[in-house]
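Novice: Below is the structure, and that's it, no one-letter string:
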């Protein structure tokens, strides 16, 4: 007998606009992924016999060799996937990749733990387990990125917040209160739990089910985008690695119930910070730059407690440090999701490069707290100085972060818009002449296109269906509709009402109506008949 996790919808009223966010099962699934990362990558205390440990002299913790190999493979896999992007979309969107990814993660994890118990741990075993878990987690991470990018902006923030809290419940509390055999079984089966949730949330390809189109991202100037996007993400990764290592190895795996309860409260507080920021800027003027403006100072404030924690400070210092880390973790993930969703960019490209770069540089950043003893003895650099350096890195990355206008200029649009963005203004007479010429050219092109479409329709219903999908995607790209809005547009253009759309897309009634209202506003129309005419004419 199956069970259903209820979907919760949160509505925010912004006067002339409203926003709806759904909290559903993807928050539990991604929470399982994060809990697995904490347990295998940083939880050396959970499985003390597993894997080869690398101690850096007089350090505050240890690296697992499996963790280093896994992060490198994970990062390279994602960066290569981001570079290939559309060339591998048919592979990535198929459910078959979920079986491979979950199988590699689960096998690598179980092998790593089991051989540790048997005393057979060696460098070769750790490398093998690192390769398996790196490839597997990378494949599932792309699937989670696609799942989140299909949500609206508010849903991305809400589900990310719930996911990190759920991960903390699993890692900081549950896994520390069960026997080691049960703990090993839970961690090894977490990829399987992810698999079942992703299987449910990943639709079959559109050409198989004959309805919703596969996501069709807008083209973008890749080199300029990576220059504007990759550099701040790299610096954020450095700071995140340092903050994560301090929090996950020094604070979260506490042995007392009071400390574990403190970690849960800190995660809930961080979720509240991110949720309030998303609700504050979740309307039609939604802006991640404004959300960063709220959350980054909160992160910097929490980092002030790093020196106290390194010296074995009190519970209040640990609480604020964990709040800072959890807020940072949520902020980066939601940034990638909203960037993909808002500008209809390929989530394979954004999450591939984003998470790949961040993970690679976080590996470097995570070594900073572990080397604190060496730095103190060799260069007389204490925890306070390290904290100031990490804070400076965060602020520098924040200054480099592109805003919405910067990204919109990189999205390929029509030549006239590009000319205006480039400052190539013309006088009124020339403008009117150019507009008349463009209208004439568009009219001629429309007549040719309609004649071609009419001929194509007469060739058979299969070609007609292909024409309809392509026309919907062309309209969606022209008016910068999000991926979810494109799906709603597709069903609206077929004549379905909001009740059917709600059922078909598994969204609430309020969310369906909000998407429809946003589509009408972007297309400057007032009813479904006008939308159907635009799609029919390919306007």
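Specialist: Structure received. All values derive from a computational prediction rather than experimental measurement.

Novice: Can you show me the strands along the chain?
Specialist: Counting by DSSP state E, the chain has strands at residues 8-13, 18-23, 53-55, 62-64.

Novice: Report the rounded mean pLDDT for the last one.
Specialist: pLDDT averaged over strand 62-64 equals 71, rounded to a whole number.

Novice: likewise stretch 486-502?
Specialist: 83.

Novice: Also stretch 328-341?
Specialist: Across stretch 328-341, pLDDT averages out at 88.

Novice: cool, and stretch 244-264?
Specialist: Mean predicted confidence for stretch 244-264 is 71.

Novice: Stretch 36-53 now?
Specialist: 75.

Novice: For residue 106, give its distance to residue 112.
Specialist: 11 Å (C-beta to C-beta, to the nearest Å). In this view, the C-beta of every residue, glycine as well, is placed from N, C-alpha and C.

Novice: Also residue 471?
Specialist: 51 Å.

Novice: between those two, which one's more packed in?
Specialist: residue 112 (27 against 20; other C-beta atoms under 10 Å).

Novice: Could you pull up the contacting residues of that one?
Specialist: By C-beta atoms under 8 Å, 6 or more residues apart in numbering, residue 112 lies in contact with 40, 47, 50-51, 66, 125-126, 129, 133.

Novice: Show me these that map onto helices.
Specialist: 66, 125-126, 129, 133 (DSSP state H).

Novice: how about these in TSV, adding distance to residue 219 and neighbour count?
Specialist: As requested, those are exported to TSV (distance: C-beta to C-beta, whole Å; neighbours: other C-beta atoms under 10 Å):
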residue	distance to residue 219	neighbour count
66	39	30
125	45	19
126	42	25
129	39	30
133	34	30
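
Novice: Show me which of these is closest to residue 267.
Specialist: Comparing these against residue 267 with C-beta to C-beta picks out residue 133 as the nearest, at 23.9 Å.

Novice: from what I can see the closest one touches residue 67, true?
Specialist: No - counting by C-beta atoms under 8 Å, residue 133 does not reach residue 67; the two are 9.1 Å apart.

Novice: Now for those two: what residues contact both?
Specialist: With C-beta under 8 Å, 6+ apart, residue 133 and residue 67 have common neighbours residue 40.

Novice: distance of residue 396 from residue 234?
Specialist: 11 Å.

Novice: hang on, I meant residue 118
Specialist: 40 Å.

Novice: cool, and residue 130?
Specialist: Taken as C-beta to C-beta, the span from residue 130 to residue 234 is 22 Å.

Novice: Which of these two has more residues huddled nearby?
Specialist: Ranked by neighbour count (other C-beta under 10 Å), residue 130 and residue 234 place residue 130 first, with 25 against 18.

Novice: I figured that one was touching residue 74, is that so?
Specialist: No - the criterion here is C-beta under 8 Å, and residue 130 misses it with residue 74 at 9.0 Å.

Novice: Helices of the stretch 401-539 of the chain, start to end?
Specialist: For the stretch 401-539 of the chain, helices defined by DSSP state H, counting those that start in this stretch occupy the ranges 404-410, 415-421, 428-458, 461-478, 483-493, 498-505, 509-523, 528-537.

Novice: can you tell me which of the ones you listed the model trusts least?
Specialist: Mean pLDDT is lowest for helix 415-421 among those, at a mean of 44.

Novice: How many residues are close by residue 145?
Specialist: 27.

Novice: List the contacts of it.
Specialist: Going by C-beta under 8 Å, 6+ apart, the list of residues near residue 145 reads 336-337, 340, 347-348, 350-352, 355.

Novice: Which among the residues you listed count as buried?
Specialist: 336-337, 340, 347-348, 350-352, 355 (16 or more other C-beta atoms under 10 Å).

Novice: Let's see which of these end up in helices.
Specialist: 336-337, 340, 347-348, 350-352, 355.

Novice: any idea which of the residues you listed is closest to residue 246?
Specialist: Nearest to residue 246 among these is residue 355, at 20.9 Å by C-beta to C-beta.

Novice: Contact partners for residue 50?
Specialist: 64, 66, 112-113, 115-117, 121.

Novice: Looks like residue 278 contacts residue 157 (just checking).
Specialist: Yes - with contact defined as C-beta under 8 Å, residue 278 reaches residue 157; the gap is 3.4 Å.

Novice: Identify the contacts common to those two.
Specialist: In contact with both residue 278 and residue 157: 21, 334, using C-beta under 8 Å, 6+ apart.

Novice: do you know how far the closest residue in space to residue 398 that isn't next to it in sequence is from residue 303?
Specialist: Distances taken as C-beta to C-beta, 6 or more residues apart in numbering place residue 296 nearest to residue 398, at 5.2 Å, with adjacent residues excluded. Separation of residue 296 from residue 303 (C-beta to C-beta): 11 Å.

Novice: anything in contact with each of the two?
Specialist: In contact with both residue 296 and residue 303: residue 394, using C-beta under 8 Å, 6+ apart.

Novice: Those two: which has the busier surroundings?
Specialist: A side-by-side neighbour count of residue 296 and residue 303, using other C-beta under 10 Å, places residue 303 first with 23 against 19.

Novice: Give the buried residues for stretch 261-278.
Specialist: Buried residues in stretch 261-278 (16+ other C-beta under 10 Å): 262-264, 266-271, 273-275, 277-278.

Novice: With distance to residue 510 added, can I get those in TSV?
Specialist: Compiled in TSV, these are given as follows (distance: C-beta to C-beta, whole Å):
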residue	distance to residue 510
262	36
263	34
264	31
266	32
267	28
268	26
269	28
270	27
271	22
273	25
274	22
275	18
277	21
278	17
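
Novice: so of these, which ones are in helices?
Specialist: Using DSSP H, these in helices are 262-264, 266-271, 273-275, 277-278.

Novice: residues contacting residue 324?
Specialist: Per C-beta under 8 Å, 6+ apart, neighbours of residue 324: 243, 247, 270, 298-303, 305.

Novice: Now, of these, which are buried?
Specialist: Applying 16+ other C-beta under 10 Å to these flags 243, 247, 270, 298-300, 302-303, 305 as buried.

Novice: ok, so of the residues you listed, who is nearest residue 505?
Specialist: residue 270 (29.9 Å).

Novice: residue boundaries of the helices in the stretch 251-400 of the chain?
Specialist: Under DSSP H, counting those that start in this stretch, the stretch 251-400 of the chain gives helices at 257-280, 288-303, 306-310, 315-342, 347-370, 372-379, 383-400.

Novice: To residue 35, which of these lies closest?
Specialist: helix 257-280 (11.6 Å).

Novice: ok, so of the contacts of residue 145, who is nearest residue 532?
Specialist: Taking C-beta to C-beta as the measure, residue 532 sits nearest to residue 340 out of the contacts of residue 145, at 28.0 Å.
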